[in-house]
Structures are given as C-alpha cells and as structure tokens.
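**Q** Sequence and predicted structure below; questions after.
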There are 2 protein chains.
Amino acid sequence: MIERRKQSGSGLHDPILEKLGMEIAAGDLPAGHVLTLDGIQERFGVSRTVAREAMRILESMGLVQSRRRVGITVRPIADWNVFDPKVIWWRLSGPARAAQLRTLTELRIAVEPLAAGAAARAATAAQRSHVVEVAATLRRLGEAGELTEFMERDVEFHAILLQASGNEMFGALADVVAAVLRGRTQLGLMPHKPVPQALDLHEAVAAAVAGGRSAEAETAMRALLVEVRAAMLPG
Amino acid sequence: MIERRKQSGSGLHDPILEKLGMEIAAGDLPAGHVLTLDGIQERFGVSRTVAREAMRILESMGLVQSRRRVGITVRPIADWNVFDPKVIWWRLSGPARAAQLRTLTELRIAVEPLAAGAAARAATAAQRSHVVEVAATLRRLGEAGELTEFMERDVEFHAILLQASGNEMFGALADVVAAVLRGRTQLGLMPHKPVPQALDLHEAVAAAVAGGRSAEAETAMRALLVEVRAAMLPG
DNA sequence: GGGTCCAAATGGTGTTACCTTTCCGTTGAT
DNA sequence: ATCAACGGAAAGGTAACACCATTTGGACCC
C-alpha cells in the first residue's frame, strides 16, 4: 500500500532533474539565477533533447521559467508547486528540511483530523477493521520499544485514514505524511519511546472510525497531532 | 496579487498538453488507455520533440506512464498529482467538476481555519489592515448586491489570509481557492445575495486577525466555511 | 548628452533523420 | 503445455539544422 519512492523514470533526464531540483530547492541556485540549455548539456553530458525535457518538467513545477534569448531563470519559491511530491522531497532533503517539516506538520494538523472524521463516515468494512488492527499493533510495538517497526505501522495507520476519507486530495497526502514520519525520526525529533498517551489516542481514533463516530475521530486525531507537534518543538 | 491563469507558456507543446490533460481528467481517455507518440504527432501535427515534451510533463504529473515498446499508458487517478494546479483546473473544467469542488471545499475547511489562525500570529501590519479593509468592502458590496465584484474581493480576502499564514503550502492554495470561488458562481451554487451572517463572519475573521487573536480567527473562519458548505449542498 | 533606430549576437523553439534499447507477442521446439 | 528464441514496435537518445524572439549595443541624429 505504502510504496517507496522511485516509481519514476529510469530515463537519462531523471538524474539531471533530480540534481537541478535539489539545487534549486536547496537555494544553491537562487531565484533569478539563469541557466542555459548548453550549460546543462555540457554539465551532464547529455543531448539537447534530454536537457530540454528536464527543463520542461522543472518549468511545469514552477521552479524555472524558460524565455527566449534569456535562458532558464530560477523562479522564487512563491511560484513553485510546493505540493508536488518531488518538490516536497527535494526540500526535505536539503537545508530547508526543518522548515518543510514544520509547514507539513501544520498541513497535517489541518487535514488529518478532517480526514479521520470523513473516514468514520466513508470507510469500508475492511478499512475499519484494518485500522483497529493496526492501532493494536502500534500499542504492542510501542510498549515493546520497537521503534522502526512502530514507525512503519504508524505510516500505515495514517495512510489508511487518509485514503479512507473518500477525498482523493487527502489520499494523495499519504505519501507525504509517510515522508514526514520517516524524516522525523532521522532528525531525532521523535521521543525514544512513544508516550502512552499517543498509544491511547491512536486506539481512540481507530475505535471512533470503526464505530462511525465522526466527530470523535476528528477530535482524537487532532489531539494526537497536537501532541506530535509539541514533541517536535525545541525543548 | 491574484493573477489570472495563463502565466504559462506560449510554446507549441502547451495546447497539446492542455488537450490531453483535459481528456484524461475528463475520463475520455480512461486509465489503461494507451497512446503513442506517433499518434500524438499526427493528431496535433507536431514534431516528435514537441510530442515528447508534452508527454514528459503529463508523466511528471502522474497522469500517464511511458514505457518502451508499449506506449504511453493513462494511469488511474490514484497516481495523479491531484494538487497540481493544472490537474485541478482540468478537473474543474470537465464532468468531474462537482466532485472536484466538493473535495476542494473539504480541503478549504481543513486548511483555511488554521491558516487564519496562523495569520493572526504572523501577518504583517500591512496585511492586517488590508484584510480589515477588504472585509469592510465586502459588507458594502454584499449589501449593495454587487455580486461579481463581491466575489473578486472575496477571492482577495481569502488569498491574503492564506499568504499571511507564513506557511507557503497554505499560500499556494490561494489560486485554487480563487478557482473554487469563481467556479462556484458559474455553477449557480452561490446565494443570489450574500447572507448577512457571512458578512458578519468575514468581519469577525478580519478583526481577530488584525487583533492577533488566533483562536478566535480560527473559529470564525471555520464557521464561515461551514456555512459555505451548507450553502453548496443540494437543497 | 540623450533618445531613436537598426543590426548583430544569443539562446530557446521546432523539425528532421537516424540509431539504440527495451520488451511484448509470436513462434517453434521440446 | 512450457519455455526459449526471435522479430518488430515503440520509446529513448543523439545530432545537425533552420528559425525566431529578444536583448544588447552602437550608430546616428537631434
């Protein structure tokens, strides 16, 4: 269900897209900086066609703008498609990682409670039992201190609810949430052992969703996420 | 501040991207359908290069997947980047319009209250006074029954708050919200005259943001949006 | 000195031709 | 019926070219 990245291409343009995307997201190529196709060709040792394809993709993400006679201009962040999974990934991989985690966490606090509420209304029978099962597993793993496995099940927990919400835009955030959860541990922003309260809340959300109690699912999820944010704040 | 679409390209690939994107978003080209570059070349009378660029962009949006020997396969909606402004636009332009409006409205209910709360904390002095001013204008226009101008100011109102939130992901939704607001009137989902309660709530949000009262801004915005949704529901 | 206009340099845009690589589907042998 | 070999279809990639928009800079004239 939760797939690792790299669905993407094996093509020649992919590595260069990745490199340039990272450099722009990292600010190494600041807004206003100008690239040329010739420069890209030479730097990566590829043909014009390939360079152009990479550029077009960056352009469709709003990271650059191509103008005749001028070249390929890096655009300011306000113009980026900051919801594009690749852009999110690039920003998470660079120096803006902490800032991106913050904005994503805010987004989670906004969306996930509503998604949980919607899931309580719209989930299939299979999804309801699944989420209860995963919550139980989380308690077991959490109490046993199995952190990495805990995280993977946690990713699954949130993905189920986002996808069960019946709103494909919420569902599309599942991969992003997965990236946040995984990235958080790498940054050392997780407690070394999940707090009991978090385990209670996971179970409360699951039970509310399974029982179709929408408002309850929403509040429980909100409480869960607020705690998540509190744990991330310095101190 | 709020710009009309068509920032994009004047290139040859743009029209064909637009056409194919629409057809896929509309379901005319269902998941699993296979295109070929030759087919695209012939249909649009363009060279291979141009066809490939359009295809690459669609691929980066997750709408299609290109495989050797097979062709260009349309992917299921679960794989789309449903937050891409172009994808949103295409879905709003086709038969899925009502569904897209529903999911976007859910997203607004999730995000905008939090954004208003954040704006109350983070907005600049200029933004605070601006939002109050726009709210006052909204009351005047609403009471005068100037619907189209009302809508444009309403777009501005929401854009200010999303951008003042200090979260660039929220800010990026400003254009989407604009599309929703404009699209809603075209669908006849707006009351012919804004209800007084909505005018009160706009002013309440603005006052709370200007005064830095975060929680109050959040609740007022939530109330406003819940009313918006209620007005959209059939009946 | 400063404004107008023309010309050259620059760099993306689009086309064509050609070769390479992958891998689906068929075919044929076991 | 199973599986391996093969032909060919379609994308992947390269190269060379003509074209065109735009900028830059200089000539020219007030």
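**A** Alright, I've got the coordinates. These numbers were taken from a predicted model, which means no experiment stands behind them. Numbering: from 1, shown residues only, chains lettered A, B, ... in the order given.
**Q** what sits against the residue nearest to A:Leu63 when sequence neighbours are not counted?
**A** Once flanking residues are discounted, A:Leu63 sits nearest to A:Ile24: 5.1 Å by C-beta to C-beta, 6 or more residues apart in numbering or on different chains. Heads up, the C-betas are built off the backbone N, CA and C, glycines and all. Going by C-beta atoms under 8 Å, 6 or more residues apart in numbering or on different chains, A:Ile24 touches A:58, A:63-64, A:74, A:90.
**Q** How is chain A divided into domains?
**A** A:13-79, A:97-232 (automatic domain parsing).
**Q** The last one: end-to-end distance?
**A** Looking back up the chat, that one is domain A:97-232. Taking C-alpha to C-alpha, to the nearest Å, domain A:97-232 runs 13 Å from one end to the other.
**Q** Kindly report the same for the first one.
**A** Using C-alpha to C-alpha, one end of domain A:13-79 lies 23 Å from the other.
**Q** Setting the sequence-adjacent residues aside, check what's closest to A:Asp79.
**A** Residue nearest to A:Asp79 in three dimensions, not counting chain neighbours: A:Gly62, with 4.6 Å by C-beta to C-beta, 6+ apart.
**Q** helix, strand or coil for the one you found?
**A** With DSSP: H, G, I helix; E, B strand; the rest coil as the basis, A:Gly62 sits in coil.
**Q** Now do whichever strand or helix holds A:Lys19: distance to the chain's middle.
**A** Element membership of A:Lys19, judged by DSSP states H and E, is helix A:13-26. Mean C-alpha position of helix A:13-26 versus that of the full chain (C-alpha atoms, centre = their mean, to the nearest Å) differs by 18 Å.
**Q** ok so, going back, who's in contact with the residue nearest to A:Asp79?
**A** A:Gly62 neighbours (C-beta under 8 Å, 6+ apart): A:75, A:79-81.
**Q** Tell me the confidence at the residue of chain A most remote from its centre?
**A** Largest separation from the mean C-alpha position in chain A: A:Arg69, at 37.1 Å (C-alpha atoms, centre = their mean). pLDDT, A:Arg69: 94.
**Q** Then A:Ala230?
**A** 88.
**Q** Just to be sure, it is in a helix?
**A** Yes. Under three-state DSSP, A:Ala230 falls within a helix.
**Q** What is the burial count for A:Ser214?
**A** 18 (other C-beta atoms under 10 Å in any protein chain shown).
**Q** A:Ala115 is in contact with that one, correct?
**A** No. Contact status for A:Ser214 versus A:Ala115: not in contact, 11.0 Å apart, counting by C-beta atoms under 8 Å.
**Q** Mind checking which of the contacts of A:Gly62 are in strands?
**A** Assigned to strands by DSSP state E, none of these qualify.
**Q** And these, which is closest to B:Asp28?
**A** Looking at the contacts of A:Gly62 and their distance to B:Asp28, the nearest is A:Asn81, at 24.7 Å (C-beta to C-beta).
**Q** Assess the claim that the closest one and A:Val87 are in contact.
**A** Yes. At 6.1 Å, A:Asn81 counts as touching A:Val87 under the criterion of C-beta under 8 Å.
**Q** Spit out the residues that contact the two alike.
**A** A:Met61.
**Q** The residue in chain A that chain B sits nearest to in helix, strand or coil?
**A** Proximity to chain B, evaluated over chain A using C-beta to the nearest C-beta, is greatest for A:Phe83 at 3.5 Å. What three-state DSSP gives for A:Phe83 is coil.
**Q** what about it, how many neighbours?
**A** A:Phe83 sits with 22 neighbouring residues when counted by other C-beta under 10 Å.
**Q** What does it show for phi and psi?
**A** Here is the backbone geometry of A:Phe83 (degrees, to the nearest 10): phi -90, psi -10.
**Q** excluding its backbone neighbours, what's nearest it?
**A** Spatial nearest neighbour of A:Phe83, chain neighbours left out: B:Phe83 (3.5 Å); criterion: C-beta to C-beta, 6+ apart.
**Q** distance of the one you found from B:Ser66?
**A** Between B:Phe83 and B:Ser66 the distance is 22 Å, computed by C-beta to C-beta, to the nearest Å.
**Q** A:Arg52 now?
**A** 16 Å.
**Q** quick one: which of those two has more around it?
**A** Legend: neighbour count by other C-beta under 10 Å for A:Arg52 and B:Ser66, higher for A:Arg52 (22 against 17).
**Q** Quick check: what element follows the host helix or strand of that one along the chain?
**A** In this assignment (DSSP H and E), A:Arg52 forms part of helix A:48-60. Later in the chain than helix A:48-60, the nearest helix or strand by DSSP H and E is strand A:64-67.
**Q** buried stuff in that following strand?
**A** A:64-66 (16 or more other C-beta atoms under 10 Å in any protein chain shown).
**Q** Keep the residues you listed, but drop any that are not near chain B.
**A** When contact is defined as C-beta under 8 Å from any C-beta of the partner chain, the buried residues of strand A:64-67 meet chain B at A:Ser66.
**Q** Please, where are all the strands along chain A?
**A** Using DSSP E, strands in chain A cover A:34-35, A:64-67, A:71-74.
**Q** Run through the residues that contact the most centrally placed residue in chain A.
**A** In chain A, the residue lying closest to the centroid (C-alpha atoms, centre = their mean) is A:Val176, at 1.6 Å. With contact taken as C-beta under 8 Å, 6+ apart, A:Val176 is in contact with A:85, A:88, A:104.
**Q** Please apply the same query to A:Ala26.
**A** A:90, A:94-96 are the contacts of A:Ala26 under C-beta under 8 Å, 6+ apart.
**Q** coming back round to it: could you pull up phi and psi at the residue farthest from the centre of chain A?
**A** Dihedral angles for A:Arg69 - degrees, to the nearest 10 - are phi 70, psi -20.
**Q** What is the burial count for A:Ala126?
**A** 10.
**Q** Check A:Ser10 too.
**A** Using other C-beta under 10 Å, the number of residues around A:Ser10 comes to 8.
**Q** What score does it have for pLDDT?
**A** 76.
**Q** I'd like the distance between it and B:Val64.
**A** Look at A:Ser10 and B:Val64: by C-beta to C-beta, they are 16 Å apart.
**Q** how about the spatially closest residue to A:Ala51 that is not a sequence neighbour, what does it touch?
**A** Of all residues not flanking A:Ala51 in the chain, A:Ile40 sits nearest, at 4.2 Å (C-beta to C-beta, 6+ apart). Residues counted as contacts of A:Ile40 (C-beta under 8 Å, 6+ apart) are A:16, A:20, A:46, A:51, A:54-55, A:72.
**Q** Might you report the residue contacts of the closest residue to A:Ala223 other than its chain neighbours?
**A** Once flanking residues are discounted, A:Ala223 sits nearest to A:Leu201: 5.6 Å by C-beta to C-beta, 6+ apart. Counting by C-beta under 8 Å, 6+ apart, A:Leu201 makes contact with A:220-221, A:223-224, A:227.
**Q** Between those residues, which sits nearest DNA strand D?
**A** A:Met221 (40.7 Å; C-beta to the nearest atom of the strand).
**Q** That closest one: neighbour count?
**A** Using other C-beta under 10 Å, A:Met221 has 29 neighbouring residues.
**Q** Hmm, it is touching A:His202, no?
**A** No. Counting by C-beta under 8 Å, A:Met221 stays clear of A:His202, with 9.4 Å between them.
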